[in-house]
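> predicted model and sequence below, questions to follow.
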Protein chains: 2
Amino acid sequence: MRSHYCGLVDETLIGQTVTLCGWADTRRDHGKLIFIDLRDHEGIVQCVAEPENEAAFKPAEGVRYEYCLRIVGKVQARPASQVNENLRSGKIEVIADSVEILNAAAPLPFMLDDSVGEDTRLRYRYLDIRRPDMQRKLRMRTRLVSALRHYLDDKGFQDIETPILTKATPEGARDYLVPSRVHPGEFFALPQSPQLFKQLLMMAGMDRYYQIARCFRDEDLRADRQPEFTQLDMEFAFVGERDVQDFVEGMIRSIFKQVVDVDLVAEFPRLTYAEAMRRYGSDKPDLRIELELVDVADAVKSCDFKVFSGPANDIGGRVAALRVPSGAELTRKQLDDYGVYVQKCGAKGLAWIRIDDLDKGREGLTSPIVKFLGDDAIKAIFAAVGAQTGDVIFFGAGPYKTVSDFLGALRLKVARDLGLVANAWRPLWIVDFPMFEYDFDAKRYVALHHPFTAPKVDDVSDLRANAAISVSRGYDMVLNGNEIGGGSIRIHRPEMQSTVFELLGIGAEEAEAKFGFLLDALKYGAPPHGGIAFGIDRIAALMAGTESIRDVIAFPKTASAQCLLTSAPSSVPEAQLQELHVRVVKPVKS
Amino acid sequence: MRSHYCGLVDETLIGQTVTLCGWADTRRDHGKLIFIDLRDHEGIVQCVAEPENEAAFKPAEGVRYEYCLRIVGKVQARPASQVNENLRSGKIEVIADSVEILNAAAPLPFMLDDSVGEDTRLRYRYLDIRRPDMQRKLRMRTRLVSALRHYLDDKGFQDIETPILTKATPEGARDYLVPSRVHPGEFFALPQSPQLFKQLLMMAGMDRYYQIARCFRDEDLRADRQPEFTQLDMEFAFVGERDVQDFVEGMIRSIFKQVVDVDLVAEFPRLTYAEAMRRYGSDKPDLRIELELVDVADAVKSCDFKVFSGPANDIGGRVAALRVPSGAELTRKQLDDYGVYVQKCGAKGLAWIRIDDLDKGREGLTSPIVKFLGDDAIKAIFAAVGAQTGDVIFFGAGPYKTVSDFLGALRLKVARDLGLVANAWRPLWIVDFPMFEYDFDAKRYVALHHPFTAPKVDDVSDLRANAAISVSRGYDMVLNGNEIGGGSIRIHRPEMQSTVFELLGIGAEEAEAKFGFLLDALKYGAPPHGGIAFGIDRIAALMAGTESIRDVIAFPKTASAQCLLTSAPSSVPEAQLQELHVRVVKPVKS
């Protein structure tokens, strides 16, 4: 139906007749002429209908915003005064021989260049995506996925589909369930990840596997979660952790170069989980921010201020400081707001010292706590953090994890507020995760990665003896404060798998019911294997320069897991439910 | 963990030390030596453990079938007498320096070279896939998918994911439903295809879309259906049917060449639906079979045999013959069995004439019906079909569709039984489908493709006036009797879409509730668009030379929609269902 894309018509085509299809981005009447900017995914081109040509002019008179048109016309140079250097088609215009209205458009519910609320954008997603910015973001995602596939296809990876209708998976989140019609009272679950299937594929001799896999979690949605999301899922047989890490680090480096022309650092730094928590209060530190947490327990161990000295003398406690250069710019109101903020992150309160003038001693300090600290303590703290005039120093004191978490969160917030986030790409590896984490609510150990992650120790009795301090063979790839990938070497021996289940409080019977097929499979010469999964939505959002993964998902759901476009979920006829052997039981209103 | 793949070790490596990982395919003791055939996905290599080397021999003594091993050793030429020309590694063997047992294997539930029942294969899929034949089939599928993606990426198609948790789709089959936790009493549906989303993407200006998409149908499974299946889903904006057909024909031709080195014919033949039914009794004719149906109504219009003359004089009837050369080989038993077979396809019975000797007139014929036919009728029939000695001629008489269907089915069966199926690849297009088909059970018209398929006529009143005989802009690609792809130009004008809904008996209210968002979207300048979807499972099976799509699906389900490996579906705890606001209502046993 067309000879060229609108956005690609340029001065090389001057004198030629082109046939173009697209949407009326604007229509302007200038004197006797009608100008139509015709838009397709490649961009816009200016078309002109002259009154002496009825086949062009008459239809053009009826054109409104977003009419779908076919225009045949001759390319000619624009008058020098009208040249637009910002457009590929900016040096030319198309003098229309004919304008055909392929489809009319009703007045739009919003203008495509408006900034409208996201709900409206999602309801009319087919209009929202016509915006050049959304075209760019979605096409960026396509390029990312395509580059990843080409990279992996070239390296001999097998792209293998695993089931969507499957058994309840053990990732810890809630499963979406699908009632079976054929087997009354039974349910499929949608996979939270293809974890066990990819491990089975390694046991099946497929050697290297990948899949751009849809995964599902029925969780209360935080700002940036989706009930269905996409991961690049990978698994390798006969590898150790460094094999996997080196391979995928090379892949990510190559893909960033190809897709967004970014050179990532030649070797990603490696931090242990312990060091990341210590220095950044996070297992996904944003290295674009130079601020670091500094332990000051030694400085306050013997001070009278119990808020500090208590945790400083407790083996499970932490007293840490976060020095913020230029923090003295912060107003009292901002400092108070940070106090409220860290309370949401579990802190009891936020202590701070503002150094108005280091040379003036106590006189030069503003702080709600400095009065509780002796000169020695202050001096030792300042020495530890390298305090200077103009700084604010924040303090956290309490249980190790709580302090690390809230100072880590504060580090991010303050850096954003003060513009201390470098414009850079800072990837790193986090390694040496604890094997188990104590869940204080459930009062038992849980797996920090998942129960199939191998411990560093190979010996079952060694693991039993040292479970609480054992380290796993898991690893995360972090980029600019986002965990973009996570994986591990898996357990490949049945006795180790059974032991880990047991340490997690999964009894033999439960293990058999849930994972019997895995334990079976491990019996028949399962190879050593490991892998990783990358969050495609998040990587695409980072590449597209958007905060929201919804901008790189064609048809995302809202925070209450609804599709505003199609109105899903929706009620279904009773007869359909009967066939599925279920009945709705609505919650009693209270 | 390894330096080479087992199957790729060859004489170029003689004298070198290699590190190999894989499974013990066989272990043989010959004299004092232990021979282990080590297998990975690339093939096998013979390893030899010598008693004088304890690091190899001692572990080798413990090796059993399917132990997972790492063997380090030196490559050396085999003695001439032991060379195996059929193996890439057949000229060499690896003298083991060390044999490491990475994982032991319990005695297998079946031998990998056994032919065991499919249920056992599915239950132990991780062992089944270790077989070289299954490796080949699954890797063939990977190659197919990879080739398709590369082809489409190169042509500027956007690979865009559409939701799995969506609204009930209108494809006609039963939906799988997913109860919503957040919205009590409401359900998502799993998509039967991304049909409406891909149309919306065209309206959104994405121009060219594809997706290797998972689709779901909760149907009673026939031999070769799966509850979840995979299609290559494509859509193009600003195209007519020939644009789509030419593009995808080129794609399929290129992919067959790349993946299985098959040259498909330079231009696929085109048959109208009417001609395909007339000549082959099928809308997916297998052109490898030369047999054709011949209409003989004229020959029997005025005979006394009412079984023939009735339908021959009825405008809705058909009398057709199928001449089978060499059919005289068929035994009376076989002929009777065909009678039973066609009854299953809706026939009342099967009439036939065996021509033992054409020159002997009636004496030379064997037939249950020839006594009812006059000489003129017989002569006219024989002339119409080109009868020869040694033929059997089968007859069908009755309603047009019934006769076409059962003779079409018989054509396939007889051809297979008599070896009349050529070893060839015979693709074709079926075009000019009826827009509507009368559903005698539901007593209303239904869409032959789906309700978004455009009719050939552009005018709403023309369609209304001629609905019963209207032809659509749909098309199917057929290969060797399989519909491998189907698509259409879609309706892009709201008034035409409303009219088609109405003609299908979908009232305005129902249309609004189900497809309101589509009707809305059509209002805002929707472009002309069309597309197609290909069945990946079927194409992969054809390429792999297997009858069963289960052989090209890593983890397929059984005919009762179960996963024998993971035991899905399964029951779930009551508490989980409560959260989803549903209760199981088991059917009452009768």
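Received it, and whenever you're ready, just let me know what you need.

> neighbours around A:V370, how many?
For A:V370, the neighbour count with other C-beta atoms under 10 Å in any protein chain shown is 16. All C-beta spots, glycine's among them, are computed from the backbone N, C-alpha and C.

> OK, contacts around it?
A:353, A:362, A:378 (C-beta atoms under 8 Å, 6 or more residues apart in numbering or on different chains).

> look up phi and psi at it.
Dihedral pair for A:V370: phi -60, psi -30, per degrees, to the nearest 10.

> any idea how far A:I355 is from it?
10 Å (C-beta to C-beta, to the nearest Å).

> ditto for A:L479
33 Å.

> same check, this time on A:R242
Taking C-beta to C-beta, one finds A:R242 at 44 Å from A:I355.

> between those two, tell me which one has more neighbours.
The neighbour count for A:R242 versus A:I355, taken as other C-beta under 10 Å, is higher for A:I355 (22 against 11).

> pLDDT score assigned to the nearest residue to that one once chain neighbours are set aside?
With C-beta to C-beta, 6 or more residues apart in numbering or on different chains as the criterion, A:I355 has its nearest non-adjacent residue at 4.8 Å, and that residue is A:D391. Among the per-residue scores, A:D391 holds a pLDDT of 96.

> for A:D391, what are its contacts?
By C-beta under 8 Å, 6+ apart, the contact list for A:D391 reads A:323-328, A:354-355, A:385.

> test my guess that A:A447 contacts A:F436.
Yes: contact criterion C-beta atoms under 8 Å: A:A447 and A:F436 qualify, at 6.5 Å.

> now for these two: what residues contact both?
A:L504.

> closest point of the stretch 201-350 of chain A to chain B, which residue?
Across the stretch 201-350 of chain A, no residue is closer to chain B than A:A204, which sits at 3.6 Å (C-beta to the nearest C-beta).

> and what of the stretch 401-550 of chain A?
A:G525 (3.6 Å).

> burial count for that residue?
Number of residues near A:G525 (other C-beta under 10 Å) recorded here: 28.

> in the stretch 201-350 of chain A, which spans are strands?
Secondary structure of the stretch 201-350 of chain A by DSSP state E, counting those that start in this stretch: the strands cover A:208-216, A:228-237, A:270-272, A:293-295, A:317-324.

> mean pLDDT and mean neighbour count added to those strands, as CSV?
Formatted as CSV, the strands of the stretch 201-350 of chain A follow (pLDDT from 0 to 100; neighbours: other C-beta atoms under 10 Å in any protein chain shown):
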stretch, mean pLDDT, mean neighbour count
strand A:208-216, 98, 23
strand A:228-237, 98, 24
strand A:270-272, 98, 17
strand A:293-295, 98, 20
strand A:317-324, 97, 24
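
> quick one: the helices in the stretch 301-450 of chain A, in order.
Assigned helices in the stretch 301-450 of chain A, in chain order: A:306-312, A:332-344, A:375-385, A:400-417 (criterion: DSSP state H, counting those that start in this stretch).

> A:P451 reaches A:L503, doesn't it?
No: look at A:P451 against A:L503 with C-beta under 8 Å: they stay out of range, at 9.2 Å.

> spatially nearest residue to A:A383 (excluding sequence neighbours)?
Counting by C-beta to C-beta, 6+ apart, the residue nearest A:A383 is A:A299, at 8.0 Å.

> err, A:V99, not the other one
A:P59 is the one closest to A:V99 (C-beta to C-beta, 6+ apart), at 4.2 Å.

> what pLDDT does the model give that neighbour?
97.

> is it fair to say it lies in a helix?
Yes: counting by DSSP: H, G, I helix; E, B strand; the rest coil, A:P59 is part of a helix.

> list the contacts for A:I95?
Here A:I95 is in contact with A:47-48, A:50, A:73-74, A:76 (C-beta under 8 Å, 6+ apart).

> the helix or strand it falls within pairs with which strands, and in what direction?
Applying DSSP states H and E as the criterion places A:I95 in strand A:92-103. Sheet pairing here is set by DSSP bridges, and for strand A:92-103 it gives strand A:43-49 (parallel), strand A:68-77 (antiparallel).

> in the helix or strand following it, what counts as buried?
As assigned by DSSP H and E, the chain's next helix or strand after strand A:92-103 is helix A:118-123. Of all the residues in helix A:118-123, those buried under the rule 16 or more other C-beta atoms under 10 Å in any protein chain shown are A:121-123.

> would you say A:I489 is within a helix?
No: counting by three-state DSSP, A:I489 is located in no helix; its state is strand.

> next, the contact list for it, please.
A:239-241, A:244, A:453-454, A:473, A:528-530.

> having no further points to raise, I will conclude here.
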